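> What would the 3D arrangement of this be:
(one chain, ligands or ions: 1)
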Amino acid sequence: MKAEWQKAKRIVIKIGSSLLIDEGGRLKDQWLSSLIGDVAQFVGRGCEVLIVSSGAIALGRGQLGLASGALKLEESQAAASVGQITLAHAYEERLKAHDLIAAQVLVTLGDTEERGRYLNARDTISTLLKLGAVPIVNENDTVATSEIRFGDNDRLAARVASMMSADLLILLSDVDGLYTTPPGDNKDAKHLCDIAEITPRIEAMAGSVGSDYGSGGMITKILAGKIATKAGVHMLITSGQIDHPIKALFDGAPTTWFHAKGNAVTSRKRWIAGGLECRGGLVIDAGAAKALLSGKSLLPAGIKSLSGSFERGDVVIVCDENKKEIARGLCAYNIHDAQKIIGHHSKEIAGILGYEGRTAMIHRDDMVLL
Ligand code: GLU
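Just a heads-up that it's a prediction; the model follows:
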């Protein structure tokens, strides 16, 4: 067991359809109960667990009586809208048996790419975790068309893990990791335990190992690995084809471990500090500057003026009264709304804007001090 895994506090577990749904389109009850038993143990130890679960389409297609074989996009979407109800309910019931609350989170590619929506999703999921709920995430298949969908939950899970600055992403699969060549085609295929870096050679090894139900195969797992490790999240692939797969993993089951580059919080801060174009500036008073330096969020009350043209989620520069840059961060308001609330107490925001906004102009988790 790698020391890093044991230290992981925020874990994302991705579950593929073929593990959860049998060939007849029924949910594998006993397996799911065993998995949730493992999740409950982790939560009991103080870990935060997010589950990215596939299975909506596989469940819904049977319920709608759709024939086996490839589905048209609109049929998959229809199946997802039926199956998602059953899927969410299954998690709710099993988590409830451990006094845990399930929260359904449906996202599209844009929710993790467009910065305003990224902030919304991140804020909601953080709040759920703070309140002790277990987010059950899936793609919002009913509204996502081909251009705006992930299409596979491996990459969705990696995006969620990076958005939430998770420590570890576990991909439960029907294979126990990456092999030098696809194991189905070649008996000399060797299992790889540690991948320090995803090179073109590693990508070539992914071949096309797949299963009937999952839309991913090994290639999307490697792409997920690139997203996760770049964002400072460790990723591992292990077999989910046994009961209590997470316990087995921590007891030493075979895995392929993709090493993260740095850590997730530092990577996110680096992304905020340097990876994005700044769209505006805020000048704050001495009291707010002092609060920022002591690790607090930036409230509208301490802002004296602003400039630029920014949308919610854009990066803005924060300067003190002497025009010295002291921080950068993702702004929770667009410039029009920000202009109206600067200098005001957070309690007045709803009255001024006509809607219940965020308390902070820049939350401390979305800010880097310079
Ligand atoms: N979102 C799809 C579903 O829930 C699954 C996508 C995948 O298998 O990766 O059915």
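
> Settle this for me: K226 is touching T199, isn't it.
No - K226 lies out of contact with T199 (Cβ atoms under 8 Å); the separation is 10.7 Å. Bear in mind the C-beta positions are built from the backbone N, C-alpha and C, glycine included.

> And those two? Which one has more around it.
Remark: of K226 and T199, K226 carries more neighbours, 17 against 10, as counted by other Cβ atoms under 10 Å.

> Count the neighbours of the nearest residue to that one once chain neighbours are set aside for me.
Excluding the flanking residues, the one nearest K226 by Cβ to Cβ, 6 or more residues apart in numbering is I198, at 5.3 Å. When neighbours are defined as other Cβ under 10 Å, I198 has 19 of them.

> And for S307?
13.

> Helix, strand, or coil at it?
Following DSSP: H, G, I helix; E, B strand; the rest coil, we place S307 in the strand state.

> repeat for W31
Three-state assignment for W31 (three-state DSSP): helix.

> That one: what's it in contact with?
Contacts for W31 (Cβ atoms under 8 Å, 6 or more residues apart in numbering) come out as L19, L20, D243.

> In a markdown table: those, plus distance to F258, neighbour count and secondary structure.
What follows is the contacts of W31, written out as a markdown table (distance: Cβ to Cβ, whole Å; neighbours: other Cβ atoms under 10 Å; DSSP: H, G, I helix; E, B strand; the rest coil):
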| residue | distance to F258 | neighbour count | secondary structure |
| --- | --- | --- | --- |
| L19 | 20 | 24 | helix |
| L20 | 23 | 24 | helix |
| D243 | 25 | 16 | coil |
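
> Just send the residues you listed back as JSON lines, with pLDDT and distance to N186 too.
Formatted as JSON lines, these follow (pLDDT from 0 to 100; distance: Cβ to Cβ, whole Å):
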{"residue": "L19", "pLDDT": "95", "distance to N186": "24"}
{"residue": "L20", "pLDDT": "96", "distance to N186": "28"}
{"residue": "D243", "pLDDT": "97", "distance to N186": "29"}
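
> Export these as JSON lines, with columns for distance to the ligand.
Output for these, formatted as JSON lines (distance: Cβ to the nearest ligand atom, whole Å):
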{"residue": "L19", "distance to the ligand": "10"}
{"residue": "L20", "distance to the ligand": "9"}
{"residue": "D243", "distance to the ligand": "21"}
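
> Enumerate the residues of the chain near the ligand.
Taking Cβ under 6 Å from any ligand atom as the contact definition, the chain meets the ligand at 16-17, 54-58, 80, 138-139, 141, 152-153, 214-216.

> Of these, select the buried ones using a ChimeraX command.
Buried residues among the residues of the chain next to the ligand (16 or more other Cβ atoms under 10 Å), as a ChimeraX selection:
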select :16,17,54,55,56,57,58,80,138,139,141,152,153,214,215,216
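
> Just the ones in strands from the residues of the chain next to the ligand, please.
The strands, defined by DSSP state E, take in N138, E139 from the residues of the chain next to the ligand.

> quick one: which of the residues of the chain next to the ligand is nearest A166?
Comparing the residues of the chain next to the ligand against A166 with Cβ to Cβ places N153 closest, at 15.1 Å.

> what's across from L171 in the sheet?
K14, I237 (DSSP bridges).

> right, and it touches H234 too?
No - with contact defined as Cβ under 8 Å, L171 does not reach H234; the gap is 11.5 Å.

> Which one of these two is surrounded by more residues?
A count of neighbours by other Cβ under 10 Å puts L171 above the other of L171 and H234, at 30 against 24.

> what separates the more buried one from the ligand, distance-wise?
10 Å (Cβ to the nearest ligand atom, to the nearest Å).

> quick one, what contacts that residue?
Counting by Cβ under 8 Å, 6+ apart, L171 touches K14, G16, D154, A157, K221, A224, M235, L236, I237, T238.

> Are we agreed that V12 is in a strand?
Yes - according to three-state DSSP, V12 belongs to a strand.

> mind listing what the closest residue to it other than its chain neighbours touches?
Using Cβ to Cβ, 6+ apart and skipping residues adjacent in sequence, the residue nearest V12 is A161, 4.2 Å away. Contact analysis of A161 by Cβ under 8 Å, 6+ apart lists V12, L50, L168, L169, A228, A231, V233, M235, A264.
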